[in-house]
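Asker: With the input below, show me the fold.
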Amino acid sequence: MSDKQRRVIDLHTHSSCSDGTDSPYELLEKAARHRVDVIALTDHDTTIGWSEAREALSQLRSDRELSLVLGAEISCQDENGISIHVLGLLFDENYQPLAEELARTRENRLTRMERIIARLNEAGIEITLADVHAQKKGDATLGRPHLADALVAKGHVANRDEAFAELLHNRSRFYINHYSPSPSKAISLIKAAGGVAVIAHPLASQRGRTIPIESLDAMIEAGLDGIEVHHRDHSQEEVEQL
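Answerer: Next up is the predicted model:
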């Protein structure tokens, strides 16, 4: 395939509407500048950035026509409490059952954050919910990366990577699950909303416990359309297996 035929596609990105660093506009501007052909906006459990992304797309001009795929990364967990993320792409944002499920998940992220902070405080690590909120922008979905940034700001760790490695990983004594739907339920909702369902980083063992690959069968039966293979938290062996 020649360079003229090669297409650059990224179907898993986050903006400052969840735990990304760039606004939706900045994200699309960078994509256009770096000659990306297709980019998906998939913030955690929210569609709040869709409007700005649409507006950005209409304003940006590049040598290549940039295409936008709107979606969300939905937080799920299986019956064993293992965290699983499902990317919903191209679904109807006005489909109420899915919108309500996303809202419920976001609400539970807040109470979960309060409980994690309480555990950190009990261990002598001084941090408050206000410190965490100071690290997010506007109505962004609250998540552990914001807590990591707050820990950096308070001088408890040097950077976000150290915060996750030392305090916030899934096996940490400070880790707490929050309400989230089963993967099959999330997939069913995405499909009912006219979308495409893709499991995100399913074998990312660096993040903690992972699902057995056999469990993908149940998700496929529920309507799973695809699997994210290339991810920075997948080893080369995991990439080959997927």
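
Asker: residues contacting the residue nearest to residue 89 when sequence neighbours are not counted?
Answerer: In space, residue 89 comes closest to residue 71 once its chain neighbours are excluded; the distance is 3.9 Å by Cβ to Cβ, 6 or more residues apart in numbering. In short, each C-beta sits where N, CA and C put it, glycine included. Shown in contact with residue 71 (Cβ atoms under 8 Å, 6 or more residues apart in numbering): 11, 40, 41, 42, 87, 88, 89, 90, 91, 195.

Asker: For residue 97, the count of nearby residues, please.
Answerer: Residue 97 has 11 neighbours, counted by other Cβ atoms under 10 Å.

Asker: For it, which non-adjacent residue is closest in space?
Answerer: Distances taken as Cβ to Cβ, 6+ apart place residue 189 nearest to residue 97, at 5.8 Å, with adjacent residues excluded.

Asker: is it fair to say that neighbour lies in a strand?
Answerer: No - Residue 189 is assigned helix when assessed by DSSP: H, G, I helix; E, B strand; the rest coil, not a strand.

Asker: Could you look up the next helix or strand downstream of the top helix by length along the chain?
Answerer: As assigned by DSSP state H, the longest helix anywhere in the chain is helix 96-122. Next helix or strand after helix 96-122 toward the C-terminus (DSSP states H and E): helix 129-133.

Asker: Tell me the buried residues in that next one?
Answerer: Across helix 129-133, burial judged by 16 or more other Cβ atoms under 10 Å covers 129, 131, 132.

Asker: Just after it, pick out the following helix or strand.
Answerer: Sequence-wise, the next helix or strand downstream of helix 129-133 (DSSP H and E) is helix 144-153.

Asker: Contacts for that next one next, please.
Answerer: Identification of contacts with helix 144-153 by Cβ under 8 Å, 6+ apart yields 19, 113, 116-117, 125, 127, 131-136, 140, 157-160, 163-164, 167-168.

Asker: Check the residue nearest to residue 89 and give its pLDDT.
Answerer: What the model reports for residue 71 is a pLDDT of 98.

Asker: how far away is it from residue 227?
Answerer: 15 Å (Cβ to Cβ, to the nearest Å).

Asker: cool, residue 17 as well?
Answerer: Distance, residue 17 to residue 227, using Cβ to Cβ: 25 Å.

Asker: can you pull the buried residues of the longest strand seen in the chain?
Answerer: The longest strand of the chain (DSSP state E) is strand 67-77. Under the neighbour-count criterion of 16+ other Cβ under 10 Å, strand 67-77 has 68, 69, 70, 71, 72, 73, 74, 75, 76, 77 buried.

Asker: ditto for stretch 166-179
Answerer: Buried positions in stretch 166-179, judged by neighbour count with 16+ other Cβ under 10 Å: 167, 168, 172, 174, 175, 178.

Asker: Please verify my assumption that the fourth one contacts residue 116.
Answerer: Yes - under the criterion of Cβ atoms under 8 Å, residue 174 is in contact with residue 116, at a separation of 5.6 Å.

Asker: what is in contact with the two at once?
Answerer: By Cβ under 8 Å, 6+ apart, the residues touching both residue 174 and residue 116 are residue 168.
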